[in-house]
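[1] I would like the atomic coordinates for the input below:
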Amino acid sequence: MERHYRKKQHKILAELNPNKKFMYWMNSNEIHIEPNDIVHWWGGGMPVTKHEVILSHYGPFYLDMGVGNYLGVSYGNYQTWLDLYNQNIGRMIETYENKDKVLGAEVCLWSELSNQYVHHSKIWIRSSAFAERVWTVKDYQPKPDVLGRVAAHEQLMHRRGVPTAGATSQQC
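    Next up, the predicted model:
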């Protein structure tokens, strides 16, 4: 049934804009998509596919883990900016059999656990640290001066009017 739905969906989208690639959010290798489609992967591990891929692994790439919901239930552990920075995304990509197909990676924040009052503090500064690791994918070792760069980025964002969570406690 899903295959039927995807084919119909693809046909409709291709008629609307034939020059665009389509991206599907998926966590199963069993879902059929067209050869030029992109997989936005949120499953654990790496996908078994020859498609281009964007990685959004559930767990370490989810910014609302460990904070609970309206029932008080917490799923997973809270990831600090340093936890996200220390995700070894480079090693994960380098050992992937289709590493040339990886377009990038991203962190996720879900609206059922966030609202307009807290989303900035949940996203920034943690996603900035994660982005540095994704952009320097071949360099597996954390840099000792990362705190200085993350703190400087935090200050830059504040000067530009973007609220963030603190990179440090600002205490000696």
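[2] From now on I want contacts and neighbour counts done on CA atoms only, so please keep to that.
    OK.
[3] residue ranges of the helices in the protein, please?
    2-16, 81-85, 89-94, 119-123, 126-135, 146-159 (DSSP state H).
[4] So which residues lie in contact with the longest one, not counting its own?
    Right, helix 2-16. Lys20, Phe22, Ile31, His32, Ile33 (C-alpha atoms under 8 Å, 6 or more residues apart in numbering).
[5] 6 Å - rerun?
    In this structure, residues lying in contact with helix 2-16 by C-alpha atoms under 6 Å, 6 or more residues apart in numbering are His32.
[6] tell me how far it is from the chain's mean position?
    26 Å (C-alpha atoms, centre = their mean, to the nearest Å).
[7] For it, which residues meet the burial criterion?
    Residues of helix 2-16 classed as buried: Arg6, His10 (neighbour count, 16 or more other C-alpha atoms under 10 Å).
[8] Low-confidence stretches in this protein?
    137-142, 170-172 (pLDDT under 70).
[9] what about 50?
    For the chain, no stretch has pLDDT under 50.
[10] re earlier: with Asp37 as the reference, name the closest of the helices of the chain.
    Judged by C-alpha to C-alpha, the one of the helices of the chain that comes nearest to Asp37 is helix 2-16, at 9.4 Å.
[11] re the thing from before, turn the helices of the chain into JSON lines, including distance to Leu113.
    Shown next, in JSON lines, are the helices of the chain (distance: least, C-alpha to C-alpha, whole Å):
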{"stretch": "helix 2-16", "distance to Leu113": "28"}
{"stretch": "helix 81-85", "distance to Leu113": "19"}
{"stretch": "helix 89-94", "distance to Leu113": "25"}
{"stretch": "helix 119-123", "distance to Leu113": "9"}
{"stretch": "helix 126-135", "distance to Leu113": "17"}
{"stretch": "helix 146-159", "distance to Leu113": "23"}
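[12] Mind checking the ones you listed for the one nearest to Tyr70?
    Among the helices of the chain, the nearest to Tyr70 by C-alpha to C-alpha is helix 119-123 (15.8 Å).
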